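**Student:** structure, please.
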Amino acid sequence: MLRRRGLVGARRRGEQRGAGAMNFRAARKGRRRVEATLELTPLIDVIFLLLIFFVMTTAPQSSPLERIGVDLPEAASGAALDEAEAERVVLRVAADGAVFEEREDGERVSVEAPLAFLQEVHGERPAATVWLFGDEEAAHGAVIRLLDAAREVGFKKVHMAVRPAQ
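**Tutor:** Presented below is the predicted three-dimensional model:
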């Protein structure tokens, strides 16, 4: 069968079997093998630069007390603030006697008339717990007036925040 098609003679003469046939083994004999290497020094440099960039550009997270500048007094007794408490009103008295409301999103709002503000909040959320954060340098009377206003309005739970004793 091979003789009829004329392929036997072509093989003996060393001719190729098709138009694009190649001998890959012969092509590889003269080439040197190139090994791929990965330089780690530039890679480590880039990683450290990225790390430094992210450390320098990330804003430090500060606590709400640091943002307002309230320095709580120390007390040996006290309980931790319940973060899971659903309804709460956080009021802060700064060293100069200014009253601020600390909202859940971290926004600080100045309260010019604390009694009117507490009446409005009590109308919306009568079961809310009021947390008072008084600065250690604030006048005692300013904190007590705020405490009295919260009780006068009708809040059942009013707590004073302190820093745990060390």
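**Student:** please make it C-alpha for all contacts and neighbour counts, starting now.
**Tutor:** Will do.
**Student:** who are the packing partners of the longest helix anywhere in the chain?
**Tutor:** The longest helix of the chain (DSSP state H) is helix 40-57. Helix 40-57 is packed against no helix or strand, with contacts defined by 3 or more CA pairs under 8 Å, 6 or more residues apart in numbering; DSSP states H and E.
**Student:** the nearest residue to Val99 once chain neighbours are set aside: neighbour count?
**Tutor:** Leaving out its chain neighbours, the residue that sits closest to Val99 by CA to CA, 6 or more residues apart in numbering is Val93, at 4.7 Å. Val93 has 26 neighbours, counted by other CA atoms under 10 Å.
**Student:** Val93 against Val109, yeah?
**Tutor:** No. Using CA atoms under 8 Å, Val93 is not in contact with Val109, being 11.9 Å away.
**Student:** what do those two both touch?
**Tutor:** Listed as contacting both Val93 and Val109 by CA atoms under 8 Å, 6 or more residues apart in numbering are Phe100.
**Student:** what segments of the protein are strands?
**Tutor:** Using DSSP state E, the strands found in the chain span residues 74-75, 88-93, 99-102, 108-111, 129-134, 157-161, 163-164.
**Student:** tabulate the ones you listed in JSON lines, adding columns for distance to Leu50 and mean pLDDT.
**Tutor:** Compiled in JSON lines, the strands of the chain are given as follows (distance: least, CA to CA, whole Å; pLDDT from 0 to 100):
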{"stretch": "strand 74-75", "distance to Leu50": "41", "mean pLDDT": "64"}
{"stretch": "strand 88-93", "distance to Leu50": "39", "mean pLDDT": "84"}
{"stretch": "strand 99-102", "distance to Leu50": "35", "mean pLDDT": "81"}
{"stretch": "strand 108-111", "distance to Leu50": "34", "mean pLDDT": "72"}
{"stretch": "strand 129-134", "distance to Leu50": "40", "mean pLDDT": "86"}
{"stretch": "strand 157-161", "distance to Leu50": "41", "mean pLDDT": "83"}
{"stretch": "strand 163-164", "distance to Leu50": "38", "mean pLDDT": "72"}
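**Student:** quick one, which of the ones you listed is nearest to Thr41?
**Tutor:** strand 108-111 (47.6 Å; CA to CA).
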